[in-house]
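K.L.:
Here is a sequence with its predicted model. Questions after.
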Amino acid sequence: MRAIRLHPFPDAQHDCPHCLQHLDVFGWHTPGMRNLADLRCSICGRQYYGDLAAGQALYTPMLLEKEGGVVYHKHGVEWFAHWLRDSYAHRTEVPVPFEVEKRLPITREVVLLNCLDTLYGHSLLKLLNAQYYLEGEVDLILIIPSFLAWMVPDGVAQVWIVGLPLKRGTEWNDWLAREIHRRVEDFQSASLSLALSHPNPEDYNIERFTGVKPFPLEQWEDRLKRPTVTFIWRDDRAWQMPADSSTAGVSKKLRRWVTRPSNSGAAQRRLVGELAETLRCEFPTLDFAIAGLCEEGNGDGLPTWVQDLRRTTMDDDHERRCCERYASSHVVVGVHGSNMLLPTAHAGGLVELIGSERWGNFTQDVLFRETEDCRETLFRYRFVPTSTPPLELAQLVRLLLRGRDSFRRLMNAGPGSV
């Protein structure tokens with residue numbers, strides 16, 4: 001089972017950085033997104049909190065010394081160390097909204113899946129681990145941020161909904177830790193889900209989480225009577241063309257600053273508009289829409305026939321409607337980021353714009369549709385530089401729309417079939 005012992009005493013493997021002695025375990029502490037063991041060195045007496053093997057800490061566990069807040073880590077993942085160090089330095093005991101939904105009686109071994117995080121994508125990916133346990137002989141309890149409560153699947157025994165916004169996702173909250181501990185103490189024992197950062201597509205069915213059936217690939221050709229494409233918008237990571245040659249001698253960091261458009265939203269609208277118009281020349285019945293979060297939230301500067309589904313804020317109903325839009329789309333297009341998770345989980349195919357600064361995160365924002373043929377996956381999921389102009393992007397989208405059937409016939413042709 002993909003879980004470690006949590007209660008009454010967790011499985012923890014940490015050594016004292018001073019004495020190199022294995023640390024004794026005295027309990028556990030969950031003040032938010034971190035799942036920690038309460039540790040002590042039997043030689044020097046120093047006390048620590050150590051990451052339990054779940055989520056990112058499954059790969060890069062950290063150790064924090066209680067006195068002074070020094071974080072010890074050997075993995076070179078400074079951002080994860082910083083979150084621990086900073087949250088401990090600014091820990092709080094202010095209560096946060098905490099709602100308990102008891103959906104099913106608990107009669108079996110309890111597994112706790114902590115989906116709290118400061119990044120939307122991390123929280124969502126943790127949640128997708130739930131299906132693995134629902135199909136096992138355990139009772140699952142979810143600790144989940146309120147913005148994902150609408151995606152909790154049927155079969156979960158209890159849901160503990162925490163009103164902690166993403167911007168406070170790294171928060172170390174001792175009130176929350178006591179509340180979680182108090183409730184877990186009701187059970188004789190409990191385990192902690194490993195909360196894999198990137199669960200295998202075979203382990204989840206997105207329809208169980210969103211209630212929306214993905215694009216029916218078997219109807220790809222039939223639905224080309226009205227080709228459907230959706231651009232996934234985000235203000236903070238826009239599709240932008242590269243700097244011109246006049247800045248060739250300027251450092252990369254400075255060039256990004258001096259060449260930044262005065263209105264990146266307007267620049268992105270222009271590029272998306274060109275993409276849509278180019279595709280419409282090829283597909284007169286094209287259904288093109290834009291979805292995502294946008295400060296402006298209006299279609300100014302876009303072709304009048306383009307649907308603008310963007311919002312300044314999201315609610316559960318609109319998220320479901322967006323998922324329905326993704327599921328009706330042959331192809332979704334967008335810039336790399338967690339904004340692409342739900343679109344790729346529901347759409348037929350993908351064209352993603354990715355910058356060199358994100359190469360190390362390649363495919364981490366994609367929820368691949370399960371397929372029996374890896375060649376089919378390579379055809380339907382395409383990745384191009386963020387500097388790709390609208391004309392080239394349109395050519396690639398056109399290839400996906402029109403070329404899938406011939407590609408599949410070619411790849412599956414046997415002797416005498418051509």
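P.N.:
Sure, I can see it. If you're wondering where the values come from, they're calculated on a predicted model, not measured in any experiment.
K.L.:
can you pull out the helices in the stretch 51-200 of the chain?
P.N.:
In the stretch 51-200 of the chain, the segments counted as helices under DSSP state H, counting those that start in this stretch are 78-89, 120-127, 130-134, 174-184.
K.L.:
Ser387: which of the ones you listed is closest?
P.N.:
helix 120-127 (23.7 Å; Cβ to Cβ). To be clear about C-beta, it is placed using only N, CA and C from the backbone, and glycine gets the same treatment.
K.L.:
per-residue confidence averaged over the closest one?
P.N.:
In this model, helix 120-127 has a mean pLDDT of 98.
K.L.:
Mind listing residues that contact that helix?
P.N.:
Residues external to helix 120-127 that are found in contact with it (Cβ atoms under 8 Å, 6 or more residues apart in numbering): 55-56, 113-117, 142, 144-145, 147-148, 151-152, 166, 169, 195-199, 209, 337-338, 341-342, 364-365.
K.L.:
Tell me how far that helix lies from the chain's centre.
P.N.:
Centroid separation between helix 120-127 and its chain, computed with Cα atoms, centre = their mean, to the nearest Å, is 5 Å.
K.L.:
Who are the contact partners of the residue nearest to Glu324 when sequence neighbours are not counted?
P.N.:
Nearest-residue entry for Glu324: Val212, 5.5 Å, with adjacent residues in sequence omitted and distances by Cβ to Cβ, 6 or more residues apart in numbering. Listed by Cβ under 8 Å, 6+ apart, the contact partners of Val212 are 206, 320, 323-324, 326-327, 346.
K.L.:
out of these, which are buried?
P.N.:
206, 323, 326-327, 346 (16 or more other Cβ atoms under 10 Å).
K.L.:
Let me know the closest of those residues to Arg358.
P.N.:
Tyr326 (21.2 Å).
K.L.:
Please narrow the buried ones among the contacts of Val212 to those residing in strands.
P.N.:
Of the buried ones among the contacts of Val212, none are assigned to strands by DSSP state E.
K.L.:
okay, those in a markdown table with pLDDT and distance to Arg46 next?
P.N.:
Putting the buried ones among the contacts of Val212 into a markdown table (pLDDT from 0 to 100; distance: Cβ to Cβ, whole Å) gives the following:
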| residue | pLDDT | distance to Arg46 |
| --- | --- | --- |
| Ile206 | 98 | 46 |
| Cys323 | 98 | 49 |
| Tyr326 | 99 | 51 |
| Ala327 | 98 | 54 |
| His346 | 98 | 50 |
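K.L.:
how about JSON lines for these, with distance to Ala3 added?
P.N.:
Below are these laid out as JSON lines (distance: Cβ to Cβ, whole Å):
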{"residue": "Ile206", "distance to Ala3": "23"}
{"residue": "Cys323", "distance to Ala3": "29"}
{"residue": "Tyr326", "distance to Ala3": "31"}
{"residue": "Ala327", "distance to Ala3": "32"}
{"residue": "His346", "distance to Ala3": "29"}
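K.L.:
could you dump the helices of the stretch 51-200 of the chain to a markdown table with distance to Gly27 and mean neighbour count?
P.N.:
Converted to a markdown table, the helices of the stretch 51-200 of the chain look like this (distance: least, Cβ to Cβ, whole Å; neighbours: other Cβ atoms under 10 Å):
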| stretch | distance to Gly27 | mean neighbour count |
| --- | --- | --- |
| helix 78-89 | 17 | 17 |
| helix 120-127 | 23 | 22 |
| helix 130-134 | 24 | 22 |
| helix 174-184 | 8 | 17 |
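K.L.:
Low-confidence stretches in this structure?
P.N.:
242-263, 296-300, 414-418 (pLDDT under 70).
K.L.:
just to revisit the earlier point, can you flag the buried ones in the contacts of helix 120-127?
P.N.:
Here, 16+ other Cβ under 10 Å leaves 55-56, 113-117, 142, 144-145, 147-148, 151-152, 169, 195-197, 199, 209, 337-338, 341-342, 364-365 buried among these.
K.L.:
Please report how far the closest residue to Gly349 other than its chain neighbours lies from Ala130.
P.N.:
With sequence-adjacent residues excluded and distances taken as Cβ to Cβ, 6+ apart, Gly349 is closest to Arg380, at 3.9 Å. Arg380 sits 26 Å away from Ala130, going by Cβ to Cβ, to the nearest Å.
K.L.:
go on, Gly55?
P.N.:
14 Å.
K.L.:
same thing with Asp222?
P.N.:
Taken as Cβ to Cβ, the span from Asp222 to Ala130 is 34 Å.
K.L.:
Could you do Val351 as well?
P.N.:
30 Å.
K.L.:
Look up which residues are beta-bridged to Leu293.
P.N.:
Judged by DSSP bridges, the bridge partners of Leu293 are Arg234, Arg311.
K.L.:
How far does the helix ranked longest in the chain sit from its chain's centre?
P.N.:
Using DSSP state H, we find that the single longest helix of the chain is helix 390-411. Here the centre of helix 390-411 is set off from its chain's centre by 27 Å, with Cα atoms, centre = their mean.
K.L.:
Show me which residues of that helix are buried.
P.N.:
Under 16+ other Cβ under 10 Å, the buried positions of helix 390-411 are 390, 393-394, 396-398, 400-401, 404, 407-408.
K.L.:
That helix - contacts with which helices or strands?
P.N.:
helix 264-282, strand 331-335, strand 349-354, helix 374-380, strand 381-385 (3 or more Cβ pairs under 8 Å, 6 or more residues apart in numbering; DSSP states H and E).
K.L.:
quick one, it and strand 349-354 angle?
P.N.:
140 degrees (axes from the mean of the first three to the mean of the last three Cα atoms, to 10 degrees).
K.L.:
Residues contacting helix 390-411, please?
P.N.:
220-221, 224, 227, 229, 271-272, 274-275, 278-279, 282-283, 330-331, 333, 349, 351, 353, 373, 375-376, 379-380, 382, 384.
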